[in-house]
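Chemist: I would like the atomic coordinates for the input below:
(2 chains)
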Amino acid sequence: MNHRMWTPNRLEQERIDKLNALEARGTPAYPARVERTHTCAAAVDAFTQAESAAETPEAIAPVAVTVTGRIRRHNLKGKIAFLHIEDESGRLQLFLRINDMKPEAFALVSDKLVEMDDFVQASGTMMRTQAGEVSVRVSDFKLLAKSLSPLPVIKQAKQDDGTIIEYGEFSDVEARYRQRYADLAVNASVREIFRKRSQVIRAVREFLDNDGFLEVETPILQPVYGGAAARPFITHHNQLHQDLFLRISFELYLKRLIVGGYDAVYEIGRDFRNEGVSFKHNTEFTMLEFYKAYIDYRAVMELTEQMVAYTAQQVLGTTTIRYQGAEINLAPPWKRITMRDAIKQYTEIDYMELRDRDALEAAIRALGGDQARTLKPGQPWGKMVEHLLGEFVEPHLIQPTFITDYPIDISPFAKRVAYDDVHVERFEFYIHGMEFGNAFTELNDPRDQEQRFLEMAALYRPEDDDATPTDEDYLRAMRYGMPPTGGFGMGIDRLVMLLTDQRTIRDVLLFPHLRAEQEA
RNA sequence: GCCUCCCUAGCUCAAUUGGCAGAGCAGUUGACUCUUAAUCAAUUGGUUCUGGGUUCGAGUCCCAGGGGGGGCACCA
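Modeler: Okay, the predicted model is just below:
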C-alpha cells in the first residue's frame, strides 16, 4: 500500500506553526486529562434555574461549571474575548477577561494560538452578558485538542424569534459525503437526521419487542444466497477454500428459526446487492425482516401499519407527517387494494382476461406513452403485470397503501391464494410512490417450494451462470414442518427518509458508497 | 452499462466573443475590556480535476481520462 503523504495547505501550515508555538510555551496540544461538570445545555439550564429562583439579580446563587467543546465562534476584542463552544448538547458562550484569569491562559486566545475549531475546556461561573446571553465568566481555560485543518466557515445569526440564519455553507455534495465528519461538524441539521435515524430503529425494536418478537442475528456470509432476486457480492474463505456470498436478504435463515420453534423472530441488519444505485438504492442497506408463526398476511398488514404509525409517533410525536411537500397520514388503517383492482383502476387493463403473455404485451403497448414504451420485449407474464403496477399505479400511491395478491410466478416464497391458480397471499406497501416493504403468508409446503425453486431457475437470469440457486438445506428445513407463518421485510433507510423528509437515501446513510478517490 | 450536466482560493461563488484569474467569508498584521454575521484599517492566498490538442493567446473550444449530480437500465 502506498501511503500518500499529507501536504498541508497554507491555512493548515499556519496551524502547524501555532501548534509548535504552543508546545514551545509548554502547552500540550493534545492532553490526556479532561474534566467536565456540565454539558453546554446543562450549564445554561442550571443558570436559568438559579435565576428564576432568585428574587433579585444580585441574589442569584453562583453556578460553577467546567464545560468542554469545539470553538465555533471566535471574537477577540482587545483585552476581552467571546468564544462560542459547541458540544453535542448545543452552544455556549465563554466570556474571557484578562483580569479574571491567568495572563498565560488569556494569551492562548489573544495570541490566536487557540482558535476556531479547537477543542477547549473552560471553568468559571455562569453569568448573563449585558446583551443578555447566558455565558461562562471564565477563570480557567485549557486547550484540549488542536485542529490542524480548518472546518468550512458557517456563521450563525440568531433572530429575535429564536430562528437561526446561517451565512456561508458547506454544501458540495461530494465533499459532504466523502468527509462526513466535516459535514456533521458544521451542519447541525445533518447531525439531527442521524439522531432521528437512531430513534427510528429504536422505536421499531420497541414495537416488535413489545409484541413478543425475539431479535436474532443470522449469517451475513452465506454459502447459498436467496430470498430476493438481486445479484450478490461474492467473497472467498481462504482456509475453507469456499466461496461465500454476502446476503441479499435474511428470509431463508429466519424461517429456519420458525421451524426450530420460535414463534416470532426479527432481524435488523445489512443486506448487500450488487446492483445500480439511485436515490432509493444503495449497495448496502439496512433491512428489517420479521416472521411470526400462526398469523397470515392480513395480520401482517395490521402489524405493519401499527409499527410504522408507532415509529412516527415515537420519533415525531405525530402520525401526520410532511414528506417532500405532501401531507401523509400514517394512522391505521391504511388503504388496501388488490393488484388486479389497482391496475384496472389506472389502466383499465384486467390482466385476468389477458392470461396469454403475448396478448398482455399487446395490450400494454396499446396503452401508449413512455410507461408503455419502457416495457422490454419478451418479459414473462408476471413481470409484465409488475411493470403495469410500477409504471401506472405506483406514482399515484401517495398515502400509505397495501397492494395485495401478487402473481405467483414472481413470488416464489408466498403461499397460493386458495382456489386461485394465479395469485399468492402477498402484499407490498407504498408511500409517496415508493415501495417500502414486501410481505406474505409464507409458503410452508415443501413440495410446492421445491417446484417454485425449479421454476425460478428456469424463469430468471437464464443467461447467468449463477441463476437463483435452489437452497437444499432450506427445503430440508421445510420438510421438518413449518407452522403457518406471516413474514415481512422493509427497508429501514426508506423509513428514515420518510420520517426525516430526505429525498435521497444517501442523506440518511452516514457513509454512502462512493468511488475511490483519485490518487494524487 | 447508457444519456446528460457539473468540477475555478480552505468554504460559497464570479470571470462578456477565446484576451491581465476576481469577490465575500476565513486566514495574516494592527486597533478595540460586554461582542454575537462584532467593527475599523492594511494584507496574503490559484496545478482553474488530470493529460493531450487547436490557437498569437484556453478557466472558456476539441479529444481522452477521473470524480460528482440528475435521468435511464438493473434491483421478482
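
Chemist: what bridges to the residue nearest to A:Asp209 when sequence neighbours are not counted?
Modeler: Leaving aside its sequence neighbours, A:Asp209 sits nearest to A:Glu215 (C-beta to C-beta, 6 or more residues apart in numbering; 7.2 Å). (C-beta placed from N, C-alpha, C; glycine too.) Note on A:Glu215: beta-bridge partners A:Tyr266, judged by DSSP bridges.

Chemist: I'd say A:Glu215 and A:Val204 touch.
Modeler: No: A:Glu215 is beyond contact range of A:Val204, at 10.5 Å (criterion: C-beta atoms under 8 Å).

Chemist: quick one, which of these two is more surrounded?
Modeler: Remark: of A:Glu215 and A:Val204, A:Val204 carries more neighbours, 23 against 12, as counted by other C-beta atoms under 10 Å.

Chemist: I figured the more buried one hits A:Leu288, correct?
Modeler: Yes: contact criterion C-beta under 8 Å: A:Val204 and A:Leu288 qualify, at 6.2 Å.

Chemist: so what sits against both of these two?
Modeler: A:268, A:492 (C-beta atoms under 8 Å, 6 or more residues apart in numbering).

Chemist: picking that back up, what touches both of A:Glu215 and A:Val204?
Modeler: The contact sets of A:Glu215 and A:Val204 overlap at A:Ile268 (C-beta under 8 Å, 6+ apart).

Chemist: picking that back up, ok, the residue nearest to A:Asp209 - contacts?
Modeler: Contacts of A:Glu215 (C-beta under 8 Å, 6+ apart): A:205, A:208-209, A:265-268.

Chemist: quick one: it and A:Arg322, what's the gap?
Modeler: From A:Glu215 over to A:Arg322 the distance is 31 Å, taken as C-beta to C-beta, to the nearest Å.

Chemist: what helices and strands are in contact with the helix or strand hosting A:Leu288?
Modeler: In this structure, A:Leu288 is located in strand A:284-293 according to DSSP states H and E. Under the contact definition 3 or more C-beta pairs under 8 Å, 6 or more residues apart in numbering; DSSP states H and E, strand A:284-293 sits against helix A:188-210, helix A:251-259, strand A:264-272, helix A:297-316, strand A:485-491, helix A:492-500.

Chemist: tell me how many other residues surround A:Gly227.
Modeler: A:Gly227 has 25 nearby residues by other C-beta under 10 Å.

Chemist: pull the CA atoms of the strand holding A:Leu288 into PDB?
Modeler: Presented in PDB, the C-alpha positions along strand A:284-293 are these (Å, rounded to 0.1, in the frame of the first residue of the first chain):
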ATOM      1  CA  GLU A 284     -25.600  -1.900   1.200                       C
ATOM      2  CA  PHE A 285     -28.700  -1.000   3.100                       C
ATOM      3  CA  THR A 286     -30.500  -1.700   6.300                       C
ATOM      4  CA  MET A 287     -33.300  -4.200   6.300                       C
ATOM      5  CA  LEU A 288     -35.900  -5.200   8.800                       C
ATOM      6  CA  GLU A 289     -37.400  -8.700   8.400                       C
ATOM      7  CA  PHE A 290     -39.800 -10.300  10.800                       C
ATOM      8  CA  TYR A 291     -41.600 -13.700  10.800                       C
ATOM      9  CA  LYS A 292     -44.400 -14.700  13.100                       C
ATOM     10  CA  ALA A 293     -46.000 -18.100  13.400                       C
END
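
Chemist: so for that strand, mean pLDDT?
Modeler: What strand A:284-293 shows for mean pLDDT is 97.

Chemist: in chain A, where's the longest strand?
Modeler: strand A:64-77 (DSSP state E).

Chemist: any part of that one near RNA strand B?
Modeler: Yes: counting by C-beta under 7 Å from any atom of the strand, RNA strand B has neighbours in strand A:64-77: A:73-77.

Chemist: surely A:His84 touches A:Val67?
Modeler: No: using C-beta under 8 Å, A:His84 is not in contact with A:Val67, being 11.5 Å away.

Chemist: out of those two, which sits in the more crowded spot?
Modeler: In this view A:His84 and A:Val67 are compared by other C-beta under 10 Å, and A:Val67 has more residues nearby, 26 against 20.

Chemist: contacts only, for A:Ile201.
Modeler: Here A:Ile201 is in contact with A:268, A:286, A:492 (C-beta under 8 Å, 6+ apart).

Chemist: just these now: which is nearest RNA strand B?
Modeler: A:Thr286 (14.9 Å; C-beta to the nearest atom of the strand).

Chemist: neighbours of the closest one, how many?
Modeler: 20.

Chemist: now do the one 3 residues further on
Modeler: The number of residues packed near A:Glu289 is 25, by other C-beta under 10 Å.

Chemist: do the same with A:Arg479
Modeler: Count around A:Arg479 with other C-beta under 10 Å applied: 13.

Chemist: let's verify it: helix, strand, or coil?
Modeler: Three-state call for A:Arg479 (DSSP: H, G, I helix; E, B strand; the rest coil): helix.

Chemist: what sits against the closest residue to it other than its chain neighbours?
Modeler: Spatial nearest neighbour of A:Arg479, chain neighbours left out: A:Pro446 (4.6 Å); criterion: C-beta to C-beta, 6+ apart. Applying C-beta under 8 Å, 6+ apart to A:Pro446 gives the contacts A:475, A:478-479.

Chemist: roughly how far apart are A:Glu58 and A:Ala363?
Modeler: 86 Å.

Chemist: A:Gln324 now?
Modeler: Between A:Gln324 and A:Ala363 the computed distance is 33 Å (C-beta to C-beta).

Chemist: comparing those two, which residue is more hemmed in?
Modeler: Neighbour count, other C-beta under 10 Å: between A:Gln324 and A:Ala363, A:Ala363 has more, with 19 against 12.

Chemist: test my guess that that one contacts A:Asp356.
Modeler: No: at 10.1 Å, A:Ala363 does not count as touching A:Asp356 under the criterion of C-beta under 8 Å.

Chemist: and the least confident helix or strand in chain A by mean pLDDT, what's buried?
Modeler: In chain A, no helix or strand scores lower on mean pLDDT, DSSP states H and E than helix A:369-373, which sits at a mean of 83. By neighbour count on 16 or more other C-beta atoms under 10 Å, the buried set for helix A:369-373 is A:371-372.

Chemist: quick one: low-confidence parts of chain A?
Modeler: A:1-4, A:458-468, A:518-520 (pLDDT under 70).

Chemist: how about the helices in the stretch 51-200 of chain A?
Modeler: A:103-110, A:173-178, A:180-186, A:188-210 (DSSP state H, counting those that start in this stretch).

Chemist: and the shortest one, what does it pack against?
Modeler: The elements that helix A:173-178 packs onto, with contact taken as 3+ C-beta pairs under 8 Å, 6+ apart, are helix A:180-186.

Chemist: now do the buried residues in stretch A:424-433.
Modeler: Buried-residue list, stretch A:424-433, by 16+ other C-beta under 10 Å: A:424-432.

Chemist: who in the stretch 1-150 of chain A is up against RNA strand B?
Modeler: A:9-11, A:14, A:18, A:73-80, A:82, A:84, A:93, A:95, A:97-99, A:112, A:115-116, A:127, A:129-133, A:135, A:150.

Chemist: swap in 6 Å and give it another go.
Modeler: Contacts of the stretch 1-150 of chain A with RNA strand B, taken as C-beta under 6 Å from any atom of the strand, map to A:9-11, A:14, A:73-80, A:82, A:93, A:97-99, A:112, A:115-116, A:129-133, A:150.

Chemist: could you flag which of those residues are buried?
Modeler: A:74, A:80, A:82, A:93, A:98, A:115-116.

Chemist: filter those residues down to just the ones in strands.
Modeler: A:74, A:80, A:82, A:93.

Chemist: and the stretch 351-500 of chain A, which of its residues are near RNA strand B?
Modeler: Residues of the stretch 351-500 of chain A lying near RNA strand B (C-beta under 6 Å from any atom of the strand): A:374, A:376, A:383, A:386, A:410, A:412, A:456, A:460.

Chemist: so which of these belong to strands?
Modeler: Going by DSSP E, the strands hold none of those.

Chemist: among those, list the two that are farthest apart in space.
Modeler: Put simply, by C-beta to C-beta the two of these set farthest apart are A:Thr374 and A:Pro412, 25.0 Å from each other.
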